[in-house]
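1. Everything below, folded, please.
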Amino acid sequence: MNVNTLPKPVKASGVSPVAVNPPVRKTRRRGWADFFSRLGWGVASVALFAGIWEAIWAFGGLNPLLLPPPHIFLANFAQQAQYFIPTDVIGQVTNDTALLSLGKTIIATVGRVMAGLALGFVLSLISGLAICYFRLFGKLVLPTITLLAPISPIAWLPVAIFIFGIGNPPAIFMVFISLFFVMTVSTISQIESVSKTHLNVAAVMGASRAQTFRYVIIPAILPSLFFVLRMNLFGAWMIVLVAEATGVGSGLGQIVMQARNTFNSSLSFFTMTIIGITGFVFDLLLRYVQKKLLYWIPENNAGGRK
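-> All right, here's what the predicted structure looks like:
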């Protein structure tokens, strides 16, 4: 047989399999595009709000001493930096720069919020599971939790001071108490709503009680619990600022109290801006952690971007 008479192999049309299905690169590209898109809309939203504020001031609608526009209170940061010195000693002098003092103040508040949220989330999850699966414990504890849940966290402030005194513990306790009861009740509700079909399938497959907890119940309730945690994050920020205003010695709440006592409107609005930015970043980090931990949930159904 003549080799030249054989038909030439036809080249496969289309694109190579690697180019057809690059899931990792595509996902990363889309993720960065979504990130910059959200960032751009966020900047546009804040710019619109600040622009309206500046326009009202420009036309004489605001008193700059009472409601200074952003370009005034942001420009005064160097003068206001002395208030951001984290110290328990009145009149103490520090060599920290303005930026370093601001960073220490933010870190102090963020640390209290993180500690309170972590304690509240873990202990409420454990309490909810124990109430649902240990009948005697549930009958003894659930009525008390239901009784204490409607009490405002602000009402717990004197109790926190009586028990822990002045310092970090009462602020952390306030954040913890603002989350614990709500998360416990939510955990109980989510456990009761777990699909009976999933539980029956686990039982038929011979799963033990511990395996049912780990592979059925926990994955089923975590998405909703993270959503509740995110919703209570903003409340936790409000509570920690109130707790810090009682004389913790450092933190953004103490700065807000100083601004009120000295009638310093520029410091007040500047601190409010810092609180808003920090809370926004904190929410983004929480959503990132949620996305990584709940990897089996689609992003649109995990309490993230809609």
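
2. number of nearby residues for residue 239?
-> Residue 239: 28 surrounding residues under other C-beta atoms under 10 Å. For every residue, glycine as well, the C-beta is placed using N, CA and C.

3. Give me the mean pLDDT for the helix or strand that contains it.
-> Element membership for residue 239, per DSSP states H and E: helix 218-244. Averaging pLDDT along helix 218-244 gives 83.

4. Repeat that for stretch 285-303.
-> Average pLDDT, stretch 285-303: 71.

5. how distant is the helix or strand following the helix holding residue 239 from the center of its chain?
-> Downstream of helix 218-244, the first helix or strand assigned by DSSP H and E is helix 252-261. Using C-alpha atoms, centre = their mean, to the nearest Å, the mean C-alpha position of helix 252-261 is found 23 Å from that of the whole chain.

6. Let me see the residues that make contact with helix 252-261.
-> For helix 252-261, contacts defined as C-beta atoms under 8 Å, 6 or more residues apart in numbering pick out 83-84, 105-106, 109, 171, 240-245, 247-248, 264-265, 267-268, 271-272, 274-275, 278.

7. still on that earlier bit, which positions in the helix holding residue 239 come out as buried?
-> Using 16 or more other C-beta atoms under 10 Å as the burial criterion, the residues of helix 218-244 that qualify are 220-226, 228-230, 232-233, 236-244.

8. one step back: emit the PyMOL select command for whichever of the contacts of helix 252-261 are buried.
-> Selection of the buried residues among these in PyMOL, burial being defined by 16+ other C-beta under 10 Å:
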select buried, resi 83+84+105+106+109+171+240+241+242+243+244+245+248+264+265+267+268+271+274+275+278
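
9. which SS class is the nearest residue to residue 236 once chain neighbours are set aside?
-> Among residues not flanking residue 236 along the chain, residue 175 sits closest, at 4.7 Å (C-beta to C-beta, 6 or more residues apart in numbering). Three-state assignment for residue 175 (DSSP: H, G, I helix; E, B strand; the rest coil): helix.

10. Can you list the low-confidence ranges for the chain?
-> Low-confidence segments of the chain (pLDDT under 70): 1-31, 35, 76-78, 81-82, 85-96, 98, 247-249, 298-306.

11. Return the distance of stretch 176-196 from the chain's centre.
-> Centre to centre, stretch against its chain (C-alpha atoms, centre = their mean), the figure for stretch 176-196 is 18 Å.

12. could you pull out the strands for the stretch 1-150 of the chain?
-> Assigned strands in the stretch 1-150 of the chain: none (criterion: DSSP state E, counting those that start in this stretch).

13. Could you pull up the contacting residues of the residue lying closest to residue 80 once chain neighbours are set aside?
-> Once flanking residues are discounted, residue 80 sits nearest to residue 267: 4.8 Å by C-beta to C-beta, 6+ apart. Residue 267 is in contact with 73, 76, 80, 83, 255, 258, 259, counting by C-beta under 8 Å, 6+ apart.

14. before we move on, what about residue 241?
-> Going by C-beta under 8 Å, 6+ apart, residue 241 touches 109, 251, 252, 253, 256, 275.

15. could these go into CSV alongside distance to residue 285?
-> Putting the contacts of residue 241 into CSV (distance: C-beta to C-beta, whole Å) gives the following:
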residue, distance to residue 285
109, 15
251, 19
252, 17
253, 21
256, 23
275, 16
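
16. Among the residues you listed, pick out the one closest to residue 213, please.
-> residue 109 (35.0 Å; C-beta to C-beta).

17. is it true that the closest one touches residue 245?
-> No: using C-beta atoms under 8 Å, residue 109 is not in contact with residue 245, being 11.4 Å away.

18. Residue 172 against residue 116, yeah?
-> Yes: counting by C-beta under 8 Å, residue 116 is a contact partner of residue 172 at 4.7 Å.

19. Buried ones in whichever strand or helix holds residue 157, by neighbour count?
-> Element membership of residue 157, judged by DSSP H and E, is helix 157-164. Neighbour counts over helix 157-164 (16+ other C-beta under 10 Å) mark 157, 160, 161 as buried.

20. likewise stretch 44-54?
-> For stretch 44-54, the neighbour count (16+ other C-beta under 10 Å) marks residue 53 as buried.

21. what residues does it touch?
-> Against stretch 44-54 from outside (C-beta under 8 Å, 6+ apart): 62, 69, 70, 71.

22. Next up, the contacts around residue 160.
-> For residue 160, the contact set (C-beta under 8 Å, 6+ apart) comprises 169, 170, 171, 173, 174, 177, 243.

23. How about it: what's its closest non-neighbour residue?
-> Spatial nearest neighbour of residue 160, chain neighbours left out: residue 170 (3.8 Å); criterion: C-beta to C-beta, 6+ apart.

24. helices or strands next to the host helix or strand of the one you found in the packing?
-> Using DSSP H and E, residue 170 sits in helix 168-192. Contacts defined by 3 or more C-beta pairs under 8 Å, 6 or more residues apart in numbering; DSSP states H and E place helix 168-192 against helix 98-133, helix 135-148, helix 157-164, helix 218-244.
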